[in-house]
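> Kindly return the folded structure for what I paste below:
(chains A, B, C and D)
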Protein chains: 4
Amino acid sequence: MVIILKKPSDNSIDMGKAEELKYSFEIELEVRDYELDCEQIVNNANYLHYMEHTRHKFCQEVGMPFIEMHKAGIDAVVRKIEIEYLSPLKSGDKFRSCIALERRGARFIFYQDLFKLSGEKVSQAEVTIVVLKEGKLSKGEEIAEIFADYL
Amino acid sequence: MVIILKKPSDNSIDMGKAEELKYSFEIELEVRDYELDCEQIVNNANYLHYMEHTRHKFCQEVGMPFIEMHKAGIDAVVRKIEIEYLSPLKSGDKFRSCIALERRGARFIFYQDLFKLSGEKVSQAEVTIVVLKEGKLSKGEEIAEIFADYL
Amino acid sequence: MVIILKKPSDNSIDMGKAEELKYSFEIELEVRDYELDCEQIVNNANYLHYMEHTRHKFCQEVGMPFIEMHKAGIDAVVRKIEIEYLSPLKSGDKFRSCIALERRGARFIFYQDLFKLSGEKVSQAEVTIVVLKEGKLSKGEEIAEIFADYL
Amino acid sequence: MVIILKKPSDNSIDMGKAEELKYSFEIELEVRDYELDCEQIVNNANYLHYMEHTRHKFCQEVGMPFIEMHKAGIDAVVRKIEIEYLSPLKSGDKFRSCIALERRGARFIFYQDLFKLSGEKVSQAEVTIVVLKEGKLSKGEEIAEIFADYL
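Numbers count the residues shown, from 1 in each chain, chains lettered A, B, ... in the order given. Take a look at the predicted model:
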């Protein structure tokens, strides 16, 4: 599936310019009312929950459950997040949470975008993950092997 | 669907005694890793989130979305919760969240039980809801009409 | 400090009848706006967070930090919660979170009540904790010793 | 108070280069155990909660409580967040949550940094807020007046 979107790494607010990006994984989610705040839109922090859950489902699919990795002494840790909030999620909204993956040396960049089923883009983010092995920064080789088909 | 269970209102810890209860609504959910706490089991507060989400899905199904009710000046408010934690939910667990409904005058009692897909009971709760109309305690007549088929 | 209150175990809604209870520990907290839901009152699940945080501060004070216990193979686990919601917490509210402790064999009962600084009671709860040692139910002797002055 | 730090807008991972920034507001917070995830560090989403709470306390101090603004038809909405996670928060950690404010036309940039009481930097973020008036993007003039002393 190919979708036109602007990479989050382009910091301009203007959504006009766009380039193609292929998503390698996605799940469908639905807003839960307890995620709404007093403005009756989903609180900004919950988007990070949605994205984390999507990454963990992705790790599960590639045969690398997060908890198992943790028990094996390998921790994928969030190093940086850039997220743009484009259109608020509200009660009852269903949305697709999409991932495109890129490796930059020891860092793994997850481009994570949310779209309402109507196609409207909700948010776009660039999440930088580093891998700790027994608490020490790793070059991420073993992870890269497992992700190979998605890079 | 009929399932054997002990009503939460019976406070004995012993799970032996059981009576039949018919559930009128249920959804399937899955643990999200951000819901786990440092003991790697789902934090006790998240069970209330699961149950609230299930009640709201139920209200949606009977044609009474929670937010719409709120905008119409009708607020269903949690008055009391009794919950027993029987078997912890862990990473990757999928579970059924079930509701049986009962009316007691102005109060609506939601018997809400969670079961792993294996059939093991996770938790059982009795949630007491009262209805506020323009901020004042209501007799819940209009709600009762809508719930009629489920009482 | 002595405060008049009704034990949560008394299920009557009427707040008239009261008996004395001594609290052995309390902290002051303040509502954070992200804890509000779309009705602009604190979501019911956050009360369990407030109470858990209070119990952990209590364990810390008696020299038994929760995480240290966990690392030592001792886990205090919530077995049951009964909570009554009496008066909603709103944006900006400051409140006292109070604990009175009781032991019943292998179970520890935390009576946990919240009060606005105005004195109005927000909620009252009875939280039943059991102690797991290396994953097995313990008689809670070692915990009881540490709690001795508060029982 | 003056603290040396690198602006989050400088995206390099290297923390060496630094420039001076004056914080105009800060509060002290403490990790709550329910904010930890299964890696026993504070979950990445909770940092956004800490920062939002700090912004709301700031708005409260300048005499513009968030909820009052909302009721007056003025909503401050998060448009973009860039956050770097430098050193994980763990159980029992106390930290300072600091704000430096800047205006860029209709957008307000909150530089928000967290520091352990030891002085170690926990995270640094750049949060872009836009102001909606009756749901329409505003030039933020009225807000700017109130923030004047802090810009």
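> alpha carbons only for contacts and neighbour counts from here, please
Noted.
> And the residue nearest the centre of chain A?
What sits nearest the mean C-alpha location of chain A, by C-alpha atoms, centre = their mean, is residue A:112, with 3.5 Å.
> And it, how far from residue D:79?
Residue A:112 sits 16 Å away from residue D:79 when distances are taken as C-alpha to C-alpha, to the nearest Å.
> can you check residue A:142 too?
Here residue A:142 is placed at a distance of 36 Å from residue D:79 (C-alpha to C-alpha).
> Could you list the residues of chain A in contact with chain B?
Within chain A, the residues that sit near chain B (C-alpha under 8 Å from any C-alpha of the partner chain) are A:32, A:33, A:34, A:49, A:52, A:53, A:56, A:67, A:91.
> what sits up against stretch A:129-148?
The contact list for stretch A:129-148, computed with C-alpha atoms under 8 Å, 6 or more residues apart in numbering or on different chains, reads A:62, A:73-80, A:103, A:105-110.
> check contacts around the closest residue to residue A:25 other than its chain neighbours.
The shortest distance from residue A:25 to any residue that is not its chain neighbour, by C-alpha to C-alpha, 6 or more residues apart in numbering or on different chains, is 5.2 Å, and that residue is residue A:99. Residue A:99 makes contacts with A:23, A:24, A:25, A:26, A:54, A:55, A:110, A:111, A:112, A:113, as judged by C-alpha under 8 Å, 6+ apart.
> again, but for residue A:124
Applying C-alpha under 8 Å, 6+ apart, we find residue A:124 in contact with A:7, A:8, A:83, A:84, A:85, A:86, A:111, A:112, A:113, A:114.
> my guess is it is in a strand, correct?
Yes: with DSSP: H, G, I helix; E, B strand; the rest coil as the criterion, residue A:124 is assigned to a strand.
> ok, it to chain C distance?
22 Å (C-alpha to the nearest C-alpha, to the nearest Å).
> Bridged to that residue, which residues?
Beta-bridge partners of residue A:124, counted by DSSP bridges, are residue A:84, residue A:113.
> confidence score at it?
Reported pLDDT at residue A:124 in the predicted model: 97.
> and what of the one 3 residues further on?
At residue A:127 the predicted local distance difference test score is 98.
> Report back the residue of chain A that's furthest from centre.
residue A:38 (25.5 Å).
> Have a look at residue A:142 and residue D:79 and say which one is more surrounded.
Under the criterion of other C-alpha atoms under 10 Å in any protein chain shown, the comparison of residue A:142 against residue D:79 puts residue D:79 first, with 20 against 12.
> Quickly find the element holding that one.
Residue D:79 is located in strand D:74-85, with elements delineated by DSSP states H and E.
> And that strand, what does it pack against?
strand A:74-85, helix D:66-71, strand D:121-133 (3 or more C-alpha pairs under 8 Å, 6 or more residues apart in numbering or on different chains; DSSP states H and E).
> which residues touch the first one?
Translated: strand A:74-85. Contacts to strand A:74-85, defined as C-alpha under 8 Å, 6+ apart, come from residues A:8-9, A:66, A:69, A:122-135, D:44, D:78-86.
> Let's see that with 6 Å instead.
Contacts made with strand A:74-85 from outside it, assessed by C-alpha atoms under 6 Å, 6 or more residues apart in numbering or on different chains, are listed as A:123-133, D:79-85.
> Tell me what angle that strand forms with strand D:121-133.
Using axes from the mean of the first three to the mean of the last three C-alpha atoms, to 10 degrees, the inter-axis angle of strand A:74-85 relative to strand D:121-133 is 20 degrees.
> and the helix or strand that comes right after strand A:74-85, which strands flank it?
Downstream of strand A:74-85, the first helix or strand assigned by DSSP H and E is strand A:94-104. The strands beside strand A:94-104 in its sheet (DSSP bridges) come out as strand A:25-30 (antiparallel), strand A:107-116 (antiparallel).
> Rebuild those strands as JSON lines, extending it with distance to residue B:148.
Formatted as JSON lines, the entries for these read as follows, by distance: least, C-alpha to C-alpha, whole Å:
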{"stretch": "strand A:25-30", "distance to residue B:148": "28"}
{"stretch": "strand A:107-116", "distance to residue B:148": "34"}
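> ok, and which of the ones you listed has the densest surroundings?
Each of the strands paired with strand A:94-104 was assessed for mean neighbour count using mean count of other C-alpha atoms under 10 Å in any protein chain shown. The highest is strand A:107-116, with a mean of 23.
> Can you give the contact residues for it?
Contacts with strand A:107-116, where a contact means C-alpha under 6 Å, 6+ apart, come from A:95-103, A:121-130.
> what bits of chain A have low per-residue confidence?
When residues are selected by pLDDT under 70, those of chain A lie in A:1-21.
> need the longest helix for it.
With residue count as the measure and DSSP state H as the assignment, chain A has helix A:44-61 as its longest helix.
> distance between that one and the chain's centre?
For helix A:44-61, the separation from the chain centroid amounts to 6 Å (computed by C-alpha atoms, centre = their mean, to the nearest Å).
> May I have the phi/psi pair for residue A:64?
phi -140, psi 70 (degrees, to the nearest 10).
> and it, how many neighbours does it have?
Applying the criterion other C-alpha under 10 Å, we find 16 residues in the vicinity of residue A:64.
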